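Trainee: just the structure for this:
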Amino acid sequence: MKLEQIYTGCLAQGAYYIESKGEAIIIDPLRETKPYIERAAKDGAKIKYILETHFHADFVSGHVDLAQKTGATIVYGPNAKTAFDAYIAKDAEVLQVGDLKIKVLHTPGHTMESTSYLLIDENGKDKALFSGDTLFIGDVGRPDLAVKTHLTREDLAAHLYHSLRNKIMPLADDVIVYPAHGAGSACGKNMSSETFDTLGNQKATNYALRADMSEAEFVKEVTSGLSKAPQYFPKNVLMNQNGYESLDVVFERGMIALSPDDFEAIANETAALILDTRAPQTFKDAFVPNAINIGIDGGFAPWVGALIIDLKQPIILVTDKGREKEVVTRLARVGYDNVLGYLENGIEAWKNAKKEVDQITSIAPTDLEQVLAKQSLNVLDVRKPNEYQSEHIVVATNFPLDFINENIELLDREKTYHIHCAGGYRSMITSSILKARGFHNLVEIAGGFAAISETAIPKTDFVCPSTL
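Mentor: This is a model prediction of the structure:
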(Lines give C-alpha, C1' and ligand atoms only; values in the text may rest on other atoms or scores of the structure.)
Protein backbone atom coordinates (compact mmCIF):
# COMPACT_ATOMS: atom_id res chain seq x y z
CA MET A 1 0.00 0.00 0.00
CA LYS A 2 1.12 3.53 -0.80
CA LEU A 3 -0.51 6.60 0.70
CA GLU A 4 0.63 10.13 -0.09
CA GLN A 5 -0.70 13.52 0.92
CA ILE A 6 -0.27 16.04 -1.91
CA TYR A 7 -0.44 19.39 -0.15
CA THR A 8 -0.79 22.72 -1.94
CA GLY A 9 0.19 25.59 0.32
CA CYS A 10 -1.41 28.53 -1.49
CA LEU A 11 -4.84 26.92 -1.09
CA ALA A 12 -3.97 25.11 2.16
CA GLN A 13 -5.43 22.05 0.42
CA GLY A 14 -4.69 18.37 0.76
CA ALA A 15 -5.32 15.88 -2.02
CA TYR A 16 -4.49 12.20 -1.56
CA TYR A 17 -3.05 9.34 -3.61
CA ILE A 18 -3.55 5.74 -2.49
CA GLU A 19 -2.33 2.67 -4.40
CA SER A 20 -2.61 -1.07 -3.89
CA LYS A 21 -1.99 -3.96 -6.28
CA GLY A 22 -1.92 -1.74 -9.36
CA GLU A 23 -5.12 0.15 -8.51
CA ALA A 24 -5.13 3.75 -7.32
CA ILE A 25 -7.55 6.32 -6.03
CA ILE A 26 -7.28 10.10 -5.89
CA ILE A 27 -9.15 12.02 -3.21
CA ASP A 28 -10.11 15.68 -3.77
CA PRO A 29 -7.76 16.41 -6.71
CA LEU A 30 -6.89 19.93 -7.82
CA ARG A 31 -7.75 21.15 -11.33
CA GLU A 32 -4.50 20.06 -13.02
CA THR A 33 -4.54 16.34 -13.77
CA LYS A 34 -0.98 15.71 -14.94
CA PRO A 35 0.59 15.21 -11.48
CA TYR A 36 -1.93 12.49 -10.57
CA ILE A 37 -1.65 10.69 -13.91
CA GLU A 38 2.15 10.74 -13.71
CA ARG A 39 2.10 9.54 -10.10
CA ALA A 40 -0.05 6.53 -10.98
CA ALA A 41 2.08 5.80 -14.06
CA LYS A 42 5.19 5.72 -11.86
CA ASP A 43 3.63 2.83 -9.93
CA GLY A 44 2.25 1.19 -13.07
CA ALA A 45 -1.19 1.70 -11.55
CA LYS A 46 -4.58 2.50 -13.02
CA ILE A 47 -6.67 5.17 -11.32
CA LYS A 48 -9.90 3.38 -10.43
CA TYR A 49 -11.78 5.97 -8.37
CA ILE A 50 -11.77 9.73 -7.86
CA LEU A 51 -13.31 10.28 -4.43
CA GLU A 52 -14.85 13.65 -3.70
CA THR A 53 -15.59 14.50 -0.07
CA HIS A 54 -18.08 17.23 -1.08
CA PHE A 55 -18.69 19.99 -3.61
CA HIS A 56 -15.69 22.17 -2.87
CA ALA A 57 -16.25 25.91 -2.57
CA ASP A 58 -12.70 27.21 -2.42
CA PHE A 59 -11.25 25.53 -5.52
CA VAL A 60 -12.29 23.82 -8.72
CA SER A 61 -11.64 20.10 -8.45
CA GLY A 62 -9.93 18.14 -11.21
CA HIS A 63 -12.46 15.32 -11.03
CA VAL A 64 -14.12 15.85 -14.42
CA ASP A 65 -10.92 16.20 -16.46
CA LEU A 66 -9.22 13.37 -14.57
CA ALA A 67 -12.13 11.00 -15.16
CA GLN A 68 -12.20 11.82 -18.88
CA LYS A 69 -8.46 11.19 -19.23
CA THR A 70 -8.22 8.00 -17.16
CA GLY A 71 -11.63 6.37 -17.26
CA ALA A 72 -11.80 6.50 -13.47
CA THR A 73 -15.17 6.66 -11.74
CA ILE A 74 -16.05 9.84 -9.86
CA VAL A 75 -17.54 9.00 -6.46
CA TYR A 76 -19.64 11.25 -4.21
CA GLY A 77 -21.52 10.43 -1.06
CA PRO A 78 -25.30 10.48 -0.51
CA ASN A 79 -27.32 13.57 -1.52
CA ALA A 80 -24.88 14.65 -4.25
CA LYS A 81 -26.41 15.57 -7.61
CA THR A 82 -24.14 16.19 -10.57
CA ALA A 83 -24.53 17.20 -14.20
CA PHE A 84 -21.87 14.65 -15.23
CA ASP A 85 -21.54 10.90 -14.74
CA ALA A 86 -20.73 10.04 -11.14
CA TYR A 87 -21.33 7.16 -8.78
CA ILE A 88 -23.37 8.24 -5.74
CA ALA A 89 -22.30 5.89 -2.99
CA LYS A 90 -24.47 4.75 -0.11
CA ASP A 91 -23.64 5.34 3.53
CA ALA A 92 -21.47 2.48 4.89
CA GLU A 93 -20.85 1.13 1.37
CA VAL A 94 -17.41 -0.42 0.88
CA LEU A 95 -15.28 0.14 -2.23
CA GLN A 96 -12.46 -2.26 -3.10
CA VAL A 97 -9.09 -0.92 -4.26
CA GLY A 98 -6.46 -3.64 -4.64
CA ASP A 99 -6.15 -5.24 -1.21
CA LEU A 100 -7.66 -2.19 0.48
CA LYS A 101 -11.20 -1.25 1.35
CA ILE A 102 -12.67 2.24 1.44
CA LYS A 103 -15.73 2.60 3.65
CA VAL A 104 -18.08 5.47 2.82
CA LEU A 105 -19.16 7.47 5.87
CA HIS A 106 -21.85 10.03 5.14
CA THR A 107 -21.00 12.99 7.41
CA PRO A 108 -23.33 15.89 6.58
CA GLY A 109 -22.95 19.25 8.26
CA HIS A 110 -20.37 21.27 6.38
CA THR A 111 -22.59 20.50 3.40
CA MET A 112 -25.35 17.95 3.14
CA GLU A 113 -23.44 15.69 0.73
CA SER A 114 -20.24 15.85 2.81
CA THR A 115 -18.71 12.40 3.09
CA SER A 116 -15.64 11.00 4.82
CA TYR A 117 -13.77 7.95 3.58
CA LEU A 118 -12.33 5.36 5.98
CA LEU A 119 -9.30 3.44 4.69
CA ILE A 120 -9.16 -0.21 5.85
CA ASP A 121 -5.82 -1.88 5.25
CA GLU A 122 -4.94 -5.37 3.96
CA ASN A 123 -5.38 -6.85 7.45
CA GLY A 124 -8.85 -5.39 7.97
CA LYS A 125 -7.62 -2.63 10.32
CA ASP A 126 -9.04 0.90 10.20
CA LYS A 127 -6.02 2.89 9.09
CA ALA A 128 -6.94 6.45 8.03
CA LEU A 129 -9.89 8.78 7.72
CA PHE A 130 -10.10 11.23 4.83
CA SER A 131 -12.40 13.71 6.50
CA GLY A 132 -12.77 16.39 3.82
CA ASP A 133 -14.12 19.57 5.42
CA THR A 134 -16.01 17.69 8.16
CA LEU A 135 -13.10 17.43 10.58
CA PHE A 136 -9.96 19.55 10.40
CA ILE A 137 -6.93 19.42 12.65
CA GLY A 138 -7.99 21.65 15.53
CA ASP A 139 -11.32 22.64 14.01
CA VAL A 140 -14.37 21.51 12.05
CA GLY A 141 -15.89 22.69 8.79
CA ARG A 142 -17.91 25.88 8.88
CA PRO A 143 -21.65 25.18 8.59
CA ASP A 144 -22.70 28.29 6.69
CA LEU A 145 -21.52 27.63 3.13
CA ALA A 146 -24.44 25.44 2.04
CA VAL A 147 -27.20 27.47 3.70
CA LYS A 148 -30.46 27.52 1.76
CA THR A 149 -33.87 29.00 2.50
CA HIS A 150 -35.03 25.80 4.23
CA LEU A 151 -31.69 25.01 5.90
CA THR A 152 -30.00 27.43 8.30
CA ARG A 153 -26.41 27.33 9.46
CA GLU A 154 -27.74 26.18 12.83
CA ASP A 155 -29.45 23.25 11.07
CA LEU A 156 -26.20 22.33 9.35
CA ALA A 157 -24.25 22.68 12.60
CA ALA A 158 -26.64 20.23 14.27
CA HIS A 159 -26.06 17.75 11.44
CA LEU A 160 -22.32 18.22 11.88
CA TYR A 161 -22.57 17.55 15.61
CA HIS A 162 -24.23 14.18 15.02
CA SER A 163 -21.90 13.27 12.14
CA LEU A 164 -18.87 13.77 14.35
CA ARG A 165 -20.30 11.89 17.30
CA ASN A 166 -22.00 9.05 15.46
CA LYS A 167 -19.60 8.41 12.58
CA ILE A 168 -16.14 9.72 13.47
CA MET A 169 -15.60 9.81 17.24
CA PRO A 170 -16.42 6.08 17.69
CA LEU A 171 -13.43 5.19 15.49
CA ALA A 172 -10.20 4.00 17.12
CA ASP A 173 -7.81 6.59 18.54
CA ASP A 174 -4.94 5.47 16.33
CA VAL A 175 -6.79 6.22 13.08
CA ILE A 176 -4.95 8.99 11.22
CA VAL A 177 -7.10 11.96 10.23
CA TYR A 178 -6.28 13.46 6.82
CA PRO A 179 -8.42 16.59 6.20
CA ALA A 180 -8.95 18.49 2.97
CA HIS A 181 -7.53 21.73 4.39
CA GLY A 182 -5.12 23.23 6.88
CA ALA A 183 -4.34 26.66 8.34
CA GLY A 184 -5.06 29.48 5.91
CA SER A 185 -8.20 28.03 4.39
CA ALA A 186 -11.45 29.97 4.70
CA CYS A 187 -13.39 26.71 5.10
CA GLY A 188 -12.85 26.76 8.87
CA LYS A 189 -12.17 29.27 11.64
CA ASN A 190 -9.03 28.21 13.46
CA MET A 191 -7.29 25.30 11.79
CA SER A 192 -3.92 23.98 12.90
CA SER A 193 -0.84 24.31 10.73
CA GLU A 194 -0.47 20.52 11.05
CA THR A 195 -1.86 18.66 8.06
CA PHE A 196 -2.72 15.35 9.77
CA ASP A 197 -3.04 13.90 13.27
CA THR A 198 -4.35 10.89 15.17
CA LEU A 199 -8.03 10.89 15.94
CA GLY A 200 -7.19 10.26 19.59
CA ASN A 201 -5.19 13.45 19.82
CA GLN A 202 -8.01 15.37 18.15
CA LYS A 203 -10.49 13.97 20.68
CA ALA A 204 -8.22 15.32 23.40
CA THR A 205 -7.44 18.74 21.89
CA ASN A 206 -10.06 19.76 19.33
CA TYR A 207 -12.69 21.97 20.96
CA ALA A 208 -15.45 20.56 18.75
CA LEU A 209 -14.84 16.97 19.89
CA ARG A 210 -15.23 17.52 23.63
CA ALA A 211 -17.06 14.49 25.01
CA ASP A 212 -19.19 16.57 27.37
CA MET A 213 -20.30 19.10 24.75
CA SER A 214 -24.05 19.29 24.19
CA GLU A 215 -25.59 19.83 20.79
CA ALA A 216 -26.66 23.35 21.76
CA GLU A 217 -23.14 24.23 22.93
CA PHE A 218 -21.64 22.82 19.75
CA VAL A 219 -24.02 24.75 17.50
CA LYS A 220 -23.29 27.99 19.35
CA GLU A 221 -19.51 27.53 19.16
CA VAL A 222 -19.22 26.54 15.51
CA THR A 223 -21.58 29.27 14.30
CA SER A 224 -19.96 32.11 16.24
CA GLY A 225 -17.16 34.25 14.87
CA LEU A 226 -17.61 33.20 11.25
CA SER A 227 -16.19 35.69 8.77
CA LYS A 228 -18.02 36.41 5.55
CA ALA A 229 -17.33 33.70 2.98
CA PRO A 230 -15.40 34.84 -0.13
CA GLN A 231 -17.70 35.76 -2.98
CA TYR A 232 -16.30 33.14 -5.36
CA PHE A 233 -17.20 30.18 -3.13
CA PRO A 234 -20.73 29.50 -4.45
CA LYS A 235 -19.46 29.96 -8.02
CA ASN A 236 -16.82 27.27 -7.54
CA VAL A 237 -19.46 24.97 -6.04
CA LEU A 238 -21.52 25.28 -9.23
CA MET A 239 -18.50 24.48 -11.40
CA ASN A 240 -17.81 21.40 -9.29
CA GLN A 241 -21.43 20.29 -9.60
CA ASN A 242 -21.97 21.07 -13.26
CA GLY A 243 -18.55 20.57 -14.83
CA TYR A 244 -16.26 23.00 -16.60
CA GLU A 245 -14.08 23.64 -19.61
CA SER A 246 -11.04 21.38 -19.93
CA LEU A 247 -7.88 22.84 -18.47
CA ASP A 248 -6.16 22.02 -21.77
CA VAL A 249 -8.46 24.51 -23.51
CA VAL A 250 -7.80 27.09 -20.79
CA PHE A 251 -4.06 26.72 -21.43
CA GLU A 252 -4.50 27.07 -25.20
CA ARG A 253 -6.29 30.37 -24.72
CA GLY A 254 -4.18 31.73 -21.89
CA MET A 255 -0.68 30.78 -22.98
CA ILE A 256 -0.52 33.27 -25.85
CA ALA A 257 2.48 35.59 -25.84
CA LEU A 258 1.37 39.14 -26.66
CA SER A 259 3.47 41.97 -28.01
CA PRO A 260 3.06 45.31 -26.25
CA ASP A 261 0.84 46.54 -29.11
CA ASP A 262 -1.35 43.43 -29.02
CA PHE A 263 -1.49 43.56 -25.23
CA GLU A 264 -2.63 47.19 -25.35
CA ALA A 265 -5.20 46.44 -28.06
CA ILE A 266 -6.77 43.58 -26.09
CA ALA A 267 -6.89 45.72 -22.97
CA ASN A 268 -8.76 48.43 -24.87
CA GLU A 269 -11.04 46.22 -26.97
CA THR A 270 -12.16 43.64 -24.42
CA ALA A 271 -12.04 45.63 -21.17
CA ALA A 272 -9.67 42.94 -19.95
CA LEU A 273 -8.35 43.22 -16.43
CA ILE A 274 -4.58 43.69 -16.39
CA LEU A 275 -3.30 41.41 -13.63
CA ASP A 276 0.33 41.91 -12.63
CA THR A 277 1.60 39.04 -10.48
CA ARG A 278 5.10 40.30 -9.70
CA ALA A 279 6.33 41.00 -6.17
CA PRO A 280 4.79 44.16 -4.63
CA GLN A 281 8.03 46.11 -4.27
CA THR A 282 8.95 45.26 -7.87
CA PHE A 283 5.52 46.16 -9.19
CA LYS A 284 5.53 49.61 -7.58
CA ASP A 285 8.47 50.90 -9.62
CA ALA A 286 6.93 50.42 -13.06
CA PHE A 287 3.66 48.87 -14.18
CA VAL A 288 1.16 49.07 -17.00
CA PRO A 289 -1.39 51.79 -16.16
CA ASN A 290 -4.55 50.41 -14.52
CA ALA A 291 -2.88 47.08 -13.68
CA ILE A 292 -3.88 45.33 -10.47
CA ASN A 293 -1.10 43.74 -8.45
CA ILE A 294 -1.75 40.38 -6.78
CA GLY A 295 1.64 38.76 -6.24
CA ILE A 296 2.00 35.12 -7.21
CA ASP A 297 4.16 34.49 -4.14
CA GLY A 298 1.51 35.43 -1.60
CA GLY A 299 -2.05 34.26 -1.00
CA PHE A 300 -2.64 34.56 -4.71
CA ALA A 301 -5.65 32.37 -5.54
CA PRO A 302 -7.77 33.29 -2.49
CA TRP A 303 -7.22 37.01 -3.09
CA VAL A 304 -8.05 36.70 -6.77
CA GLY A 305 -11.24 34.90 -5.75
CA ALA A 306 -12.12 37.51 -3.16
CA LEU A 307 -11.53 40.55 -5.35
CA ILE A 308 -12.34 39.69 -8.98
CA ILE A 309 -16.12 39.41 -8.96
CA ASP A 310 -16.78 37.83 -12.37
CA LEU A 311 -15.27 34.39 -13.08
CA LYS A 312 -15.67 35.12 -16.79
CA GLN A 313 -13.74 38.40 -16.56
CA PRO A 314 -11.22 38.63 -19.45
CA ILE A 315 -7.73 38.80 -17.95
CA ILE A 316 -4.33 39.57 -19.47
CA LEU A 317 -1.19 38.98 -17.49
CA VAL A 318 2.09 40.62 -16.60
CA THR A 319 4.29 38.04 -14.88
CA ASP A 320 7.87 37.25 -14.02
CA LYS A 321 9.46 35.57 -17.02
CA GLY A 322 8.89 31.83 -17.04
CA ARG A 323 5.95 31.88 -14.61
CA GLU A 324 3.15 32.46 -17.11
CA LYS A 325 1.79 28.89 -17.05
CA GLU A 326 1.97 28.77 -13.26
CA VAL A 327 -0.21 31.88 -13.09
CA VAL A 328 -2.76 30.53 -15.60
CA THR A 329 -2.89 27.27 -13.63
CA ARG A 330 -3.42 28.94 -10.29
CA LEU A 331 -6.16 31.18 -11.70
CA ALA A 332 -7.92 28.12 -13.12
CA ARG A 333 -7.77 26.40 -9.74
CA VAL A 334 -10.33 28.92 -8.50
CA GLY A 335 -12.35 29.13 -11.72
CA TYR A 336 -10.84 32.11 -13.55
CA ASP A 337 -10.52 30.51 -16.98
CA ASN A 338 -10.73 33.52 -19.30
CA VAL A 339 -7.07 34.50 -19.54
CA LEU A 340 -6.40 35.89 -23.02
CA GLY A 341 -2.61 35.92 -22.98
CA TYR A 342 0.41 37.46 -21.30
CA LEU A 343 2.83 40.30 -22.03
CA GLU A 344 5.79 38.66 -23.74
CA ASN A 345 9.04 39.54 -21.95
CA GLY A 346 7.07 41.36 -19.29
CA ILE A 347 7.34 44.95 -18.20
CA GLU A 348 10.75 45.39 -19.87
CA ALA A 349 9.14 44.82 -23.27
CA TRP A 350 6.49 47.39 -22.38
CA LYS A 351 9.11 49.97 -21.43
CA ASN A 352 11.23 49.19 -24.49
CA ALA A 353 8.18 49.87 -26.66
CA LYS A 354 8.04 53.37 -25.10
CA LYS A 355 4.62 52.67 -23.60
CA GLU A 356 3.37 54.68 -20.63
CA VAL A 357 4.22 53.28 -17.21
CA ASP A 358 2.80 54.10 -13.81
CA GLN A 359 4.27 53.97 -10.31
CA ILE A 360 3.16 53.83 -6.68
CA THR A 361 5.03 55.75 -4.01
CA SER A 362 6.29 53.50 -1.22
CA ILE A 363 8.03 54.70 1.94
CA ALA A 364 9.67 53.07 4.93
CA PRO A 365 7.88 53.11 8.33
CA THR A 366 10.65 55.36 9.65
CA ASP A 367 9.67 57.96 7.05
CA LEU A 368 6.04 57.62 8.12
CA GLU A 369 7.13 58.15 11.71
CA GLN A 370 8.86 61.42 10.82
CA VAL A 371 5.86 62.76 8.89
CA LEU A 372 3.37 61.78 11.61
CA ALA A 373 5.46 63.68 14.14
CA LYS A 374 4.79 66.89 12.20
CA GLN A 375 1.28 66.53 10.77
CA SER A 376 -1.87 64.42 10.76
CA LEU A 377 -2.35 61.88 7.99
CA ASN A 378 -5.08 59.66 6.62
CA VAL A 379 -3.73 56.19 7.42
CA LEU A 380 -5.59 53.15 6.08
CA ASP A 381 -4.94 49.82 7.80
CA VAL A 382 -6.14 47.24 5.28
CA ARG A 383 -5.76 44.19 7.51
CA LYS A 384 -8.71 42.15 8.72
CA PRO A 385 -10.73 43.61 11.61
CA ASN A 386 -9.35 41.12 14.13
CA GLU A 387 -5.77 42.02 13.16
CA TYR A 388 -6.56 45.70 13.48
CA GLN A 389 -8.24 45.20 16.85
CA SER A 390 -5.25 43.35 18.30
CA GLU A 391 -2.99 46.37 17.75
CA HIS A 392 -2.94 49.29 15.36
CA ILE A 393 -1.60 52.79 14.75
CA VAL A 394 -3.62 55.20 16.90
CA VAL A 395 -4.62 57.40 13.96
CA ALA A 396 -5.28 54.51 11.52
CA THR A 397 -8.69 53.69 10.11
CA ASN A 398 -9.51 50.07 9.38
CA PHE A 399 -10.29 49.60 5.69
CA PRO A 400 -10.10 45.81 5.14
CA LEU A 401 -8.99 44.74 1.67
CA ASP A 402 -11.59 41.96 1.83
CA PHE A 403 -14.37 44.55 1.48
CA ILE A 404 -12.73 47.09 -0.82
CA ASN A 405 -15.29 46.61 -3.59
CA GLU A 406 -18.15 47.43 -1.21
CA ASN A 407 -16.42 50.30 0.59
CA ILE A 408 -14.35 52.10 -2.02
CA GLU A 409 -16.83 54.96 -2.40
CA LEU A 410 -16.32 55.83 1.26
CA LEU A 411 -12.92 57.24 0.30
CA ASP A 412 -12.24 60.71 -1.14
CA ARG A 413 -10.26 60.84 -4.37
CA GLU A 414 -8.91 64.27 -3.45
CA LYS A 415 -7.30 63.10 -0.21
CA THR A 416 -3.89 61.51 0.29
CA TYR A 417 -3.93 58.07 1.90
CA HIS A 418 -1.04 56.25 3.56
CA ILE A 419 -1.74 52.52 3.29
CA HIS A 420 -0.35 49.54 5.19
CA CYS A 421 -1.18 45.91 5.94
CA ALA A 422 0.75 43.29 7.93
CA GLY A 423 3.75 42.83 5.66
CA GLY A 424 3.27 44.74 2.40
CA TYR A 425 1.36 42.26 0.24
CA ARG A 426 -2.21 43.46 0.79
CA SER A 427 -1.26 47.14 0.92
CA MET A 428 0.11 46.97 -2.63
CA ILE A 429 -3.01 45.15 -3.84
CA THR A 430 -5.10 47.89 -2.25
CA SER A 431 -2.94 50.67 -3.68
CA SER A 432 -3.11 49.22 -7.18
CA ILE A 433 -6.89 48.86 -7.05
CA LEU A 434 -7.35 52.40 -5.79
CA LYS A 435 -4.91 53.74 -8.40
CA ALA A 436 -6.83 51.98 -11.18
CA ARG A 437 -10.05 53.56 -9.92
CA GLY A 438 -8.85 57.13 -9.93
CA PHE A 439 -7.11 57.56 -6.57
CA HIS A 440 -3.75 59.10 -7.31
CA ASN A 441 -2.60 60.47 -3.95
CA LEU A 442 -1.43 57.20 -2.42
CA VAL A 443 1.57 56.27 -0.30
CA GLU A 444 2.21 52.61 0.50
CA ILE A 445 4.10 51.68 3.68
CA ALA A 446 6.74 49.06 2.90
CA GLY A 447 6.97 46.17 5.33
CA GLY A 448 3.54 46.79 6.83
CA PHE A 449 2.70 46.60 10.51
CA ALA A 450 5.53 44.16 11.16
CA ALA A 451 7.96 46.97 10.32
CA ILE A 452 5.80 49.71 11.85
CA SER A 453 5.86 47.87 15.19
CA GLU A 454 9.61 48.51 15.37
CA THR A 455 9.08 52.28 15.33
CA ALA A 456 7.86 54.72 17.99
CA ILE A 457 4.67 55.49 16.04
CA PRO A 458 1.88 55.56 18.67
CA LYS A 459 -0.14 52.35 18.72
CA THR A 460 -3.05 50.97 20.68
CA ASP A 461 -4.92 47.71 21.18
CA PHE A 462 -8.04 49.61 22.18
CA VAL A 463 -10.88 48.78 19.82
CA CYS A 464 -12.07 52.22 18.78
CA PRO A 465 -14.94 52.92 16.36
CA SER A 466 -12.69 53.89 13.46
CA THR A 467 -13.60 51.26 10.92
CA LEU A 468 -15.05 52.65 7.69
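
Trainee: residues in contact with Lys228?
Mentor: When contacts are counted by CB atoms under 8 Å, 6 or more residues apart in numbering, Lys228 touches Asp402. Yep, even glycine has a C-beta here, placed from its N, CA and C like the rest.

Trainee: typed the wrong thing, it's Tyr388
Mentor: Per CB under 8 Å, 6+ apart, neighbours of Tyr388: Asp381, Ala396, Asn398, Pro400, Thr467.

Trainee: just confirm it is within a strand.
Mentor: No - assessed with DSSP: H, G, I helix; E, B strand; the rest coil, Tyr388 is helix; it does not lie in a strand.

Trainee: that one and Ile452: what is the separation?
Mentor: 12 Å (CB to CB, to the nearest Å).

Trainee: again with Leu317
Mentor: Distance, Leu317 to Ile452, by CB to CB: 32 Å.

Trainee: in a strand, Ala24, correct?
Mentor: Yes - under three-state DSSP, Ala24 falls within a strand.

Trainee: isn't Glu194 up against Gly182?
Mentor: Yes - at 7.1 Å, Glu194 and Gly182 qualify as touching, with contact defined as CB atoms under 8 Å.

Trainee: check pLDDT for the contacts of Tyr388 and point me to the minimum.
Mentor: Checked by pLDDT, the contacts of Tyr388 have Thr467 as the lowest-scoring entry (51).

Trainee: tell me the SS of the most far-flung residue of the chain relative to its centre?
Mentor: Distance from the C-alpha centroid of the chain peaks at Lys374, with 41.6 Å (CA atoms, centre = their mean). Look at Lys374: counting by three-state DSSP, its state is coil.

Trainee: for it, phi and psi?
Mentor: phi -110, psi -30 (degrees, to the nearest 10).

Trainee: so where is the chain shaky, pLDDT-wise?
Mentor: For the chain, applying pLDDT under 70 flags the ranges 462-468.

Trainee: okay, now Tyr178: neighbour count?
Mentor: Neighbour count for Tyr178, taken as other CB atoms under 10 Å: 25.

Trainee: so who does it touch?
Mentor: The neighbours of Tyr178, taking CB under 8 Å, 6+ apart as the test, are Gln5, Gly14, Tyr16, Ala128, Leu129, Phe130, Ser131, Thr195, Phe196.

Trainee: wait, a strand at it?
Mentor: Yes - under three-state DSSP, Tyr178 falls within a strand.

Trainee: more neighbours: which of Glu194 and Gly182?
Mentor: Per other CB under 10 Å, whichever of Glu194 and Gly182 has more neighbours is Gly182, with 23 against 14.

Trainee: enumerate every residue touching the more buried one.
Mentor: Contacts of Gly182 by CB under 8 Å, 6+ apart are Tyr7, Ala12, Gly14, Phe136, Ile137, Met191, Ser192, Ser193, Glu194, Thr195.

Trainee: list just the nearest of those residues to Lys284.
Mentor: Ala12 (27.7 Å; CB to CB).

Trainee: distance of that closest one from Lys325?
Mentor: From Ala12 to Lys325 the distance is 22 Å (CB to CB).

Trainee: higher neighbour count, the two?
Mentor: Per other CB under 10 Å, whichever of Ala12 and Lys325 has more neighbours is Ala12, with 24 against 13.

Trainee: how about the contacts made by the more buried one?
Mentor: Here Ala12 is in contact with His181, Gly182, Ala183, Gly184, Ser185, Met191 (CB under 8 Å, 6+ apart).

Trainee: just these now: which is nearest Ala80?
Mentor: Using CB to CB, those come closest to Ala80 at His181, 19.3 Å.

Trainee: partners of the closest one in the sheet?
Mentor: Gln13 (DSSP bridges).

Trainee: what about it, how many residues nearby?
Mentor: 26.

Trainee: is it true that it touches Ser193?
Mentor: No - using CB under 8 Å, His181 makes no contact with Ser193, being 11.5 Å away.
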